[in-house]
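Peer 1: any chance you could fold what I've pasted below:
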Amino acid sequence: MSRALHLPAGSAGADGFSLAITPRDAGWTYSSLRVLELAAGETARFTTGDSECVVLPLAGACRVTVDGQSFELAGRTDVFARVSDFAYAPRDAEVSVHSARGGRFALPAARCERRLEPAYGPAERVPVEIRGAGNATRQVNNFASPEGFGCDRLVAVEVLTPDGNWSSYPPHKHDERGDDEAVLEEIYYFELGSTGGPGTAPLGYQRVYADGVDVLEEVRHGDAVLVPRGYHGPSMAAPGYPMYYLNVLAGPHPERTMACRDDPAHHWVRASWEGTATDPRVPLCDAEGRR
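Peer 2: Just a heads-up that it's a prediction; the model follows:
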């Protein structure tokens, strides 16, 4: 089971994308993610089909054209450098992505019903949230959260965790419909930094568990983990290696939501944060750059 849910970098590319996770690949209905790597001067073209999509720079800048309407994305040098701007493409759209200097771009997507308008998301308007406390402090860039940007079904956020901290904690799930929980299919896509300079081999760890699901994987730069059900977390950033992950979520709930339920065995941890200072390294960056 763990090998099916953990996708090491380079193991799930297709159709010109270095990572391509479709609903069919994942065995579910809504959520998908592709990562596009462009050489300098290269252009990629694709159609969104029955899914809405965001073009999010991971490294580099680009011009995104959606049905003839163009958006210039300033992007960033890497995921820890700044909060990025992004472009939204609705379902049934023709999209091109051109990068003059080359780069890497995430395309989180979700099957949807409504066709919205193409749009540009400025970095300055991305809500930046600090969650947790102590060594469970992390930064959440809510660029396509329900409150952060208007999509039909897609929910996507970035989480930046300082080296040595635990993230996605307490473990939580969203596989049942209830007052405090919604059914959501989730993808984690990881990029990792290093405080030790070039030549290092960054690593982290990701946990997912439920009846019939038992994942505890070492994750590396470019890996992805699928969460079809069950509790997920913690996401562990090893000392020396800050962790970034992109969460892509979608499901059948009539309204966009991130509603989840903690593992009851660990829910008490939230109360323990009261009165505890947040990690002073967070936020790691904002729309202006590294802090």
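
Peer 1: which residues of the stretch 101-250 of the chain fall in strands?
Peer 2: Assigned strands in the stretch 101-250 of the chain, in chain order: 103-111, 119-121, 128-131, 138-144, 155-161, 166-167, 172-173, 185-192, 204-210, 213-219, 224-227, 231-237, 243-250 (criterion: DSSP state E, counting those that start in this stretch).

Peer 1: and the last one, average pLDDT?
Peer 2: Confidence over strand 243-250 (mean pLDDT, whole number) is 98.

Peer 1: show me what the helix or strand that that strand is followed by is packed against.
Peer 2: Moving toward the C-terminus from strand 243-250, the next helix or strand (DSSP states H and E) is strand 261-262. Under the contact criterion of 3 or more C-beta pairs under 8 Å, 6 or more residues apart in numbering; DSSP states H and E, strand 261-262 touches strand 172-173. In this view, the C-beta of every residue, glycine as well, is placed from N, C-alpha and C.

Peer 1: state the mean pLDDT of the strand it packs on.
Peer 2: For strand 172-173, the per-residue pLDDT averages 98.

Peer 1: neighbouring contacts of that strand?
Peer 2: Identification of contacts with strand 172-173 by C-beta atoms under 8 Å, 6 or more residues apart in numbering yields 181, 210, 229-233, 260-263.

Peer 1: what of stretch 214-229?
Peer 2: Contacts of stretch 214-229 (C-beta under 8 Å, 6+ apart): 1-2, 4-10, 12, 18-19, 21, 26-28, 33, 35, 173, 175, 185-192, 201-210, 213, 232.

Peer 1: tell me, what residue is most central in the chain?
Peer 2: residue 246 (1.5 Å; C-alpha atoms, centre = their mean).

Peer 1: quick one on the thing from earlier: now, of the contacts of stretch 214-229, which are buried?
Peer 2: Applying a neighbour-count criterion of 16 or more other C-beta atoms under 10 Å, the buried members of the contacts of stretch 214-229 are 5-7, 9, 12, 19, 21, 26, 28, 33, 35, 173, 175, 185-192, 202-204, 206-210, 213, 232.

Peer 1: for residue 33, see how far away residue 221 is.
Peer 2: 16 Å (C-beta to C-beta, to the nearest Å).

Peer 1: ok, the residue nearest to the centre of the chain touching residue 104?
Peer 2: No - using C-beta atoms under 8 Å, residue 246 is not in contact with residue 104; the gap is 11.7 Å.

Peer 1: got a list of what the residue nearest to residue 225 when sequence neighbours are not counted touches?
Peer 2: Nearest residue to residue 225, sequence neighbours excluded (C-beta to C-beta, 6 or more residues apart in numbering): residue 188, at 4.4 Å. By C-beta under 8 Å, 6+ apart, residue 188 lies in contact with 206, 224-227, 232, 235, 245-247.

Peer 1: residue 96 now?
Peer 2: Per C-beta under 8 Å, 6+ apart, neighbours of residue 96: 43-45, 64-65.

Peer 1: list just the nearest of those residues to residue 74.
Peer 2: residue 64 (11.8 Å; C-beta to C-beta).

Peer 1: ok, now how distant is the closest one from residue 6?
Peer 2: Applying C-beta to C-beta, the value for residue 64 to residue 6 is 30 Å.

Peer 1: try residue 19
Peer 2: With C-beta to C-beta as the criterion, residue 19 and residue 6 are 13 Å apart.
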